[in-house]
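S.K.: sequence and predicted model, in that order:
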Amino acid sequence: MSVADAGVRVVVIDVAADEVVSVVGSLAVQPFDVTAEVPVRVRLYRVSDVEFVLAFVVHHISGDRSSMGPLTRDLMVAYAARVSGDAPGWRSLEVQYADFTLWQREVLGSEGDPSSVAHEQISFWKSELAGLPDQIDLPTDRPRPAVQSLAGGKVDFGVDAAVQSGLMRIARESNATLFMAVHAAWAALLSRLSGSSDVVVGSPIAGRGEAALDDVIGMFANTLVLRSVVDPASSFVELLDSVRESDLRAFAHADVPFERLVEVLNPARSTARHPLFQVALSFQNVQSTALELPSLSVAGVDADLNISQFDLHLVVSDTYDEDGAPAGLGMSLTYMSSLFDEASAVRMVDRFGVLLEEIVSDAGIAVGDYRILERGESEEISASSRVVEHDVPEKLMLDHFTDRVSESADSLAVVFEGIELSYGEFDARVNRLARHLIGQGVGPETVVGLSIRRSVDLVVAMYAVVRAGGAYLPLDPDHPAERTSYILETARPLCVLRASADDVLVDFEGAVFDLDVLDLSGLSDLPIAPGELNAVVRPFNTAYVLFTSGSTGRPKGVAVSHRAIVNQLEWMSDRYEFTSADVYLQKTATTFDVSLWGYFLPLRAGATLVLATADGHRDPVQLAHLIHERQVTLTDFVPSMLTVFGSLARAEQIRSLRDVFVIGEALPLETVEDFRKISDARIHNLYGPTEAAVSVTSWEASVDDRGSVPIGLPEWNVGLLVLDSRLHPVADGVPGELYLLGSQLARGYVSRPDLTAGRFVASATGSGASMYRTGDLVRRRKDGVLEYIGRTDFQVKFRGQRIELGEIESALLGHRTVIQAVVVVASSPTGDRLVAYVVPAPGEVPTRTEVLGHVSATLPSYMVPSAFVVLDQLPLNPAGKLDRRALPEPEFEPRVFRAPSSPVEEAVAGVFADVLGVSQVGLDDDFFELGGNSLVATQVVARLRADLDTEVPLMSLFSDSTVERLASRIAASSTQNVGSRNALDVVLPIRDARSGPRLWCIHPMAGLSWVFANLATHLDSEVAITTLQSPALTEEDWNPTSIDEWAARYVREMQRVQPEGPYMLLGWSLGGVLAHAAAVQLQGKGNEVSVLAMMDSTLETSPGEDADSVATNVGLALTDLFAGLLPGHVEPGTTMSIQDIADVLATMPEPFSGISADRLASLVDSSIRSTTLINEYEPAVFLGDLVYFAAGADDPTGDGRSSDWDGHVSGTTSNHVIDSSHGEMASPENLKEIAAVLNRTLRDRVVRPSRSTPVA
């Protein structure tokens, strides 16, 4: 652009006084095309004959905040001169902006030169920001959207002169500045609110180091990344000293532009957040903007643009009186409204004000001990933490069961395989065994081991031990003998009960009784009188002992009293209204405390207890059959197993279910939604450690929950404290460790007073009671509901079992070849897996087989890692501590490859590869060695059952786990009919993503969207791709009467998958028209639509186009579509009849064989109707820009087709001409070009550099 063409046009616009702010704001947010226009925009708004508003908008490329001073001065000089009839007499500048850029380039030098400033500063930042957190997690009101929105709000506040003076005094005494003092306080608050000690804020600097630059208009500003380590035990003075040092280091390396820093550091990118930092701090010295000119008074207009570039931005202005004394700090907090409500922002500034006052009062106390909550907020939190008191009778564990026996002796009590026992029969067996145990000396505070697989004998033994006054100790017969021996040594049971049919030896020096051969015929089966007991049993006596994983490398035994478990059972019975009509399916391992529900809840209510077989709990299909057969109303699952069960059970099998109790892991909302498709049973998410009698919180899951389902509210007589590392209550929404109070707490750990003292500590309420430290991170919502976050230590829930990674590490270190070991839980396509990293002992070479064989001899199978990685040394962070994030990704490699040859072998290998995420699977590859587990096994079996149309027992995969052996077993009885999933659904996912935005692709007239699959190769990997297909494919009565009705259907489908925006829509042909209508409807519902894109979509069909020509064109489109999908079966470029296509498809597997001629005809009819609907469509206005892809072969400029949308979008239309005909727009080559534009569009619109926002 020549200088002559670079003038700035001043537009005069009349505007009402109350519209000034909104009009100026709209002007300020309009983007610039800096390649085609001067990056300055000027408007003069006439409010009245004597009042005007002059608005300058300058892009950051040509000016920064400090440029506004000289720009205003130059403008006023020009005005004064012009009203006097003179030319402006501007003083010549010593330097120009171009001089600065040349100087900066010379000073920085080349990054490749080790002696250059650029190289030195970049090296500094690489070190300074190593291991930087991806984002700061503050207590937000809503989850972070997949695509960052810049919509924001602002809260103005301030502190008085006394606080300002105090901060200046503290700063002066530490040889720091006021900025550093405010920065340290801001970091302290952010640390308290995020629960993180690593706090990062961004701060702009003027970048004008020389006085000669003060009057130059240009982009000098830069953004610094200021990192602080906040130790809650350090005093504020110590924190300020640390902040001072880190700030000074940053200021000394401030020449590298922020954008270049982002490129070099290359942090994990996300469209959901600002890179490197999400919270900013700006310090301003405010000068008066009032000016007096001849016949003119000038003052600034406060125009809030409702924009926030960051999650939070604290702006501080220090003010002084005429004598230079502090006059207070003016502050404003800008917040991103997609994350925070105004009330939350107000609460945050209130907390900052409280913290500043506390600091000024005493800068010597620990920053973690400062009060940040206002009095009223503290009282609310204390009230929500109190024990929920409820009167529960002082009874023993079996008292209600005893009552039911006397009332309903003939009612059905226990069912196991072919055995059915009435209450009377079951009670008689319990009484005989209890008398035997009493005779052996069993009574209060004595323990009896139970090494019995799930069976009637196991239930009888449990009840008999409790009735005799003792405590039962479950022992898993399938656990390693070494682990069982340690448990027996620790718990010191009086005796052990076993079943010889289980064929498990128990290494125990005391008495061991085989229940299936023990002769009890000489003992009475009548009720046991109190005088027969060895001592009186009281509510505080132990009822059971369960051993859980221990961090020391040894399991620890939890002793739970009658009082604790009775409280749990009373609450469960009342809350879920157990009656004698209920049937409870017990399928949970006896060593898992959740098993208490199934064993004891039904029989205290007069209901029926149905036992799954010993291995039956692993097979969802068998469980569904049992639920149907016994009309089960209640059962429990761990979330991961419920996910699998929900995918395999059929709705008609589980109609009897009323309530499902879920516990043991975080419950994903997707699991709830999937289960809802097959059952109306209520899903209850419960939470609790073994140390608190099964569960302490509950929540009825709903599809309205977000992310993971909350763990809920406290149960009877339970108190919940959410505390920080210094045992102070945290604010709502802030992560903290959960501590438990109340009557459900266990008595402690058996024979381990040291562990008991470490976990059962004095209550922070000062009540004198004890509280249990769970080690779980949670946050409390404003409504008091708790959300689970994760663990504070390295204890994890894995496959529903709570395990200490340290115990596995200890087992690894027990092998002679290993000198160091680390175990982590890693995500994989098949779910979480345990990964072992080992460092060899000198001269040793650890092998997977040898080391994991050693581990499996001491630990249960679920604790044996499935991946094994040998390292020369463990990665360490700068502090010398293990850097877990630097551990290499594990690889699950198949063994030497032998290719499958038969159809069954190929099917098995293919399913293994798909489910386990392995690229190549051969005959010798073992399912479990590749990373499979019992949960994933159910998915494999389900796939094989469907693909091979034959029954594949789950246990066959356990016994024949290689491809060759499993295929051989299946081949003996299978009929090969390899199929694939139905791909005709309205919503067809092409690619999902863990996070990031979702692109919705809408079909052309042919109705199918399979062709969009080629986008997955080229679109950014963090973008999910989901397509919409015509309902005419699957619904015979689909007959929309308008484009709007059609679009409304798709809006409902989109919001079922993606409840909230921002939405991204791409439509081809008819799909573009539907995308526009859907986008308008989404905006009308208050949702953001960030991208609207069309592939050659028009608002008019060709003139004179009749039904026959449409049908012919659609038929040709279908021919080309199936030619691309089924090469060799359909000849491309030829027009085949609908019947011809259907005949070819009938010879193919599903889903193709399911597309009948009638279904294809429905598609053609739907396409014919769509031309009429398009011609009748009167589009509303979409508020935003349009990305348009025109078919260049039909419209070389693209203007002819895209002009259809003029007046129907409020923003600009960016036209991209594709060298293609309309019908070939979705070819792989064209989709590659389209994806490149979409990638740029997505990044440009949602990830805006910190120096590219217009300045008003």
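M.R.: That came through fine.

S.K.: end to end, how far does stretch 742-759 reach?
M.R.: In stretch 742-759, first residue to last residue: 15 Å (Cα to Cα, to the nearest Å).

S.K.: state the mean pLDDT of it.
M.R.: Stretch 742-759 comes out with an average pLDDT of 93.

S.K.: mind listing the strands in the stretch 951-1100 of the chain by residue range?
M.R.: Remark: strands assigned in the stretch 951-1100 of the chain by DSSP state E, counting those that start in this stretch are 987-991, 998-1002, 1024-1028, 1063-1068, 1089-1095.

S.K.: cool, and the stretch 1151-1256 of the chain?
M.R.: Counting by DSSP E, counting those that start in this stretch, the strands of the stretch 1151-1256 of the chain are 1186-1191, 1213-1218.

S.K.: helices and strands around the first one, which ones?
M.R.: Just to be clear, that refers to strand 1186-1191. strand 1089-1095, helix 1199-1202, strand 1213-1218, helix 1228-1246 (3 or more Cβ pairs under 8 Å, 6 or more residues apart in numbering; DSSP states H and E). To be clear about C-beta, it is placed using only N, CA and C from the backbone, and glycine gets the same treatment.

S.K.: can you add distance to residue 218, mean neighbour count and mean pLDDT and give the ones you listed back as JSON lines?
M.R.: Formatted as JSON lines, the helices and strands packed on strand 1186-1191 follow (distance: least, Cβ to Cβ, whole Å; neighbours: other Cβ atoms under 10 Å; pLDDT from 0 to 100):
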{"stretch": "strand 1089-1095", "distance to residue 218": "32", "mean neighbour count": "25", "mean pLDDT": "95"}
{"stretch": "helix 1199-1202", "distance to residue 218": "37", "mean neighbour count": "18", "mean pLDDT": "79"}
{"stretch": "strand 1213-1218", "distance to residue 218": "29", "mean neighbour count": "18", "mean pLDDT": "90"}
{"stretch": "helix 1228-1246", "distance to residue 218": "24", "mean neighbour count": "17", "mean pLDDT": "80"}
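
S.K.: could you check the pLDDT of residue 269?
M.R.: 69.

S.K.: what of residue 1128?
M.R.: 44.

S.K.: same check on the one 3 residues further on?
M.R.: We note a pLDDT of 49 for residue 1131 in this prediction.

S.K.: what's the most buried one of the strands of the stretch 951-1100 of the chain?
M.R.: strand 1063-1068 (a mean of 27; mean count of other Cβ atoms under 10 Å).

S.K.: who's in contact with residue 723?
M.R.: 729-730, 736-737, 739, 764 (Cβ atoms under 8 Å, 6 or more residues apart in numbering).

S.K.: and of the residues you listed, the nearest to residue 98?
M.R.: residue 730 (53.1 Å; Cβ to Cβ).

S.K.: ok, for that closest one, nearest residue in space, not its chain neighbours?
M.R.: In this structure, residue 730 finds its nearest non-sequential neighbour in residue 736, 3.9 Å apart by Cβ to Cβ, 6 or more residues apart in numbering.

S.K.: ok, residue 961 next?
M.R.: residue 927 is the one closest to residue 961 (Cβ to Cβ, 6+ apart), at 4.5 Å.

S.K.: again, but for residue 784
M.R.: Using Cβ to Cβ, 6+ apart, the closest residue to residue 784 is residue 384 (4.7 Å).

S.K.: got it, and residue 208?
M.R.: Using Cβ to Cβ, 6+ apart, the nearest residue to residue 208 is residue 220, at 5.0 Å.

S.K.: for residue 197, same thing?
M.R.: residue 230 (5.1 Å).

S.K.: surely that neighbour touches residue 188?
M.R.: Yes: using Cβ atoms under 8 Å, residue 230 is in contact with residue 188, at 5.8 Å.

S.K.: which neighbours do these two share?
M.R.: 239, 367.

S.K.: okay, these two: which has more neighbours?
M.R.: residue 188 (28 against 22; other Cβ atoms under 10 Å).

S.K.: which stretch of helix or strand covers the more buried one?
M.R.: Assigned by DSSP states H and E, residue 188 belongs to helix 178-194.

S.K.: elements contacting that helix?
M.R.: Against helix 178-194 (3+ Cβ pairs under 8 Å, 6+ apart) you get helix 161-173, strand 198-205, strand 222-229, helix 236-251, strand 279-284, strand 312-320, helix 342-361.

S.K.: try 10 Å
M.R.: helix 161-173, strand 198-205, strand 222-229, helix 236-251, strand 279-284, strand 312-320, strand 326-336, helix 342-361 (3 or more Cβ pairs under 10 Å, 6 or more residues apart in numbering; DSSP states H and E).

S.K.: with mean pLDDT added, can I get the ones you listed in CSV?
M.R.: Shown next, in CSV, are those (pLDDT from 0 to 100):
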stretch, mean pLDDT
helix 161-173, 97
strand 198-205, 94
strand 222-229, 95
helix 236-251, 96
strand 279-284, 93
strand 312-320, 94
strand 326-336, 95
helix 342-361, 95
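
S.K.: for residue 686, which of those is the nearest?
M.R.: Using Cβ to Cβ, the nearest of the helices and strands packed on helix 178-194 to residue 686 is helix 342-361, at 29.1 Å.

S.K.: for that closest one, packing partners?
M.R.: Using 3+ Cβ pairs under 10 Å, 6+ apart: helix 342-361 touches strand 152-159, helix 161-173, helix 178-194, helix 236-251, strand 312-320, strand 326-336, helix 375-385.

S.K.: try it again with 8 Å
M.R.: strand 152-159, helix 161-173, helix 178-194, strand 312-320, strand 326-336.

S.K.: contact partners of the helix or strand containing residue 546?
M.R.: According to DSSP H and E, residue 546 maps onto strand 542-548. For strand 542-548, contacts defined as Cβ under 8 Å, 6+ apart pick out 397, 444-445, 447, 466, 471-474, 487, 490-491, 555-562, 564-565, 591-593, 596, 690, 747, 750, 802.

S.K.: let's see 7 Å
M.R.: 397, 445, 447, 466, 471-474, 487, 491, 555-562, 565, 591, 593, 690, 747, 750, 802 (Cβ atoms under 7 Å, 6 or more residues apart in numbering).
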